[in-house]
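Visitor: For reference, the sequence and a predicted model appear below.
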Amino acid sequence: MRNGFLKFIKHYSLFGIVFTVAKATVYFIPLLLADQLSKSDFGILEYALAGLGMIVNTIINLGVPGAFPYFVLKEKNNDIKPAFKFHALILLLPFAINQILYLAFDLDIVFYLAFNISYIIANQMFYSTQLKSQEKSAPAVIIDSGIYIVLLISYLLAKIELITLNINVINIFVLLYSFIYVFYGILNYFKQRSQAFFKDYKKILKFSIHLLISTFLIFLITTSGRILVELFFDFETVGVYAFYFRLSAIVVIIHQVINIAFFKKIYTLNPFVLDKYYFLFFAFIFCLSVLIFFISPYIMPRFSEYFAETYTENRMVYFLLSAQMVMWIASALNSNIIDRENLASKNNVKFVVLVIGSMISLYVFQNVLTLSTLTFIHMTVIFIACLIQYHSLFRIKIIFKKSTVTLIAIYILTTSYFLFKTFL
């Protein structure tokens, strides 16, 4: 028993160290790059990295990452595992098309960078989901953080003045990193290729195509903030939005610790038990977010010139994004249960209506739209998406009562504060 306890401590100590270093990189590097790059270049990077690149990734990944835990953890079908290797070759197709469009047809660097990043993120999600499903948490964290580690290297080289950092240089670093996945995917496939791959891969796609649509829609809803800001404003404003989004997202790290370390348990645990933990988690995250929001003005100006220059004008944007993190986390946790219960396709029509409705609202109010108003509307859309998820689970007798009530209370408190500060 003592040996088992020591093994447990050793495993999670290693995970803790790896996670801390990796997630610190993910969190701090974009904030540091805000001071290193021009405001326009920073906005372009964020648009490509966490906006368009993130959404395109859901399309080219075909929902396959979400199929792995379904077949292996829920269906206990380990024989299908080798067929997932074929997916790495499928991901090569859009990557190759992107290179042709850029070299032969002079594709804009914004889209070229975004599509290369989407290829990288697709691979990161593909491999890290498999690792998490096998409880290999530390490698999964490193894979998830890969693109940010590359950005860290570019930042350090710029700090020691070996390179001058701009969006074109970052584009080269991203391209070089993408080739690692190109070579690994090809070699990994040819090590164990088989005719059975195609039959099993078709089976995977038959299931994952439902995940593709629902995953695309939920990613469109939750991560489209930067795209919307660019659509109604400009890349410099994208940079401002992205900076405060990153600053608010420090609480998401707590969610990621739990999701990575206990992914298998969350995927298989009784929903009634999950509800008891979730509602406390949501309340804790909201309180922590608000606390950080009020403390930040006394700390951040010492470390970030970008914060000092933009905080006063964008204080409400920062607050709304801090509250939005709770909605984002709730949506991510709900998606695990939705996928587990094979309900992904049930919400698609409702999500499409929600997306269309939100775009009509933004279009109607575009002449009076401010960054804080756009942020509030986007937070509201994510909140409604969470309620749609809870309703679909409720229909099959999976009831997250406490979690739903907590989320509604948080939304009401946030809305009240926003309206009070904006109109009174």
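Guide: Sure thing, it's come through. Residues are numbered from 1 along each chain as shown.

Visitor: Please count neighbours and contacts with C-alpha atoms only from this point.
Guide: Noted.

Visitor: which sections of the stretch 151-300 of the chain are below the confidence cut-off?
Guide: 193-196, 260-269 (pLDDT under 70).

Visitor: how is the protein carved up into domains?
Guide: 1-200, 224-424 (automatic domain parsing).

Visitor: which one of those lies closest to residue 212?
Guide: Proximity of the domains of the chain to residue 212 was assessed by C-alpha to C-alpha; the nearest stretch is domain 1-200, lying at 4.1 Å.

Visitor: Of all the residues in the one helix or strand residue 129 maps to, which ones are buried?
Guide: Assigning secondary structure by DSSP states H and E places residue 129 in helix 109-133. Under the neighbour-count criterion of 16 or more other C-alpha atoms under 10 Å, helix 109-133 has 110-133 buried.

Visitor: Return the list of helices and strands in contact with it.
Guide: Applying 3 or more C-alpha pairs under 8 Å, 6 or more residues apart in numbering; DSSP states H and E, one finds that helix 109-133 contacts helix 53-60, helix 64-69, helix 87-105, helix 137-144, helix 146-159, helix 167-191, helix 263-268.

Visitor: how about JSON lines for the domains of the chain, with distance to residue 210 added?
Guide: Output for the domains of the chain, formatted as JSON lines (distance: least, C-alpha to C-alpha, whole Å):
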{"stretch": "domain 1-200", "distance to residue 210": "7"}
{"stretch": "domain 224-424", "distance to residue 210": "5"}
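
Visitor: Can you tell me which of those is nearest to residue 216?
Guide: domain 1-200 (5.3 Å).

Visitor: so how far is that closest one from its chain's centroid?
Guide: 12 Å (C-alpha atoms, centre = their mean, to the nearest Å).

Visitor: need the contact list for the nearest residue to residue 198 once chain neighbours are set aside.
Guide: Nearest in space to residue 198, with sequence neighbours left out and distances taken as C-alpha to C-alpha, 6 or more residues apart in numbering, is residue 83 at 7.1 Å. Contacts for residue 83 (C-alpha atoms under 8 Å, 6 or more residues apart in numbering) come out as 196, 197, 198, 200, 201.

Visitor: pLDDT on stretch 338-358, on average?
Guide: Averaged over stretch 338-358, pLDDT sits at 86.

Visitor: what about that stretch, start to end distance?
Guide: One end of stretch 338-358 to the other measures 23 Å (C-alpha to C-alpha, to the nearest Å).

Visitor: ok, and for the helix or strand encompassing residue 327, which residues are buried?
Guide: Using DSSP H and E, residue 327 maps to helix 315-340. Buried residues in helix 315-340, counting neighbours by 16+ other C-alpha under 10 Å, are found at 316-340.

Visitor: Which secondary structure elements does that helix sit against?
Guide: Using 3+ C-alpha pairs under 8 Å, 6+ apart, helix 315-340 is in contact with helix 235-248, helix 252-261, helix 263-268, helix 271-299, helix 371-394, helix 401-423.

Visitor: pretty sure residue 84 is in contact with residue 201, am I right?
Guide: Yes. If you go by C-alpha atoms under 8 Å, residue 84 and residue 201 touch, sitting 6.7 Å apart.

Visitor: List the residues that contact residue 304.
Guide: Residue 304 neighbours (C-alpha under 8 Å, 6+ apart): 31, 32, 35.

Visitor: Pull up the gap between the first one and residue 23, please.
Guide: Using C-alpha to C-alpha, one obtains 13 Å as the distance from residue 31 to residue 23.
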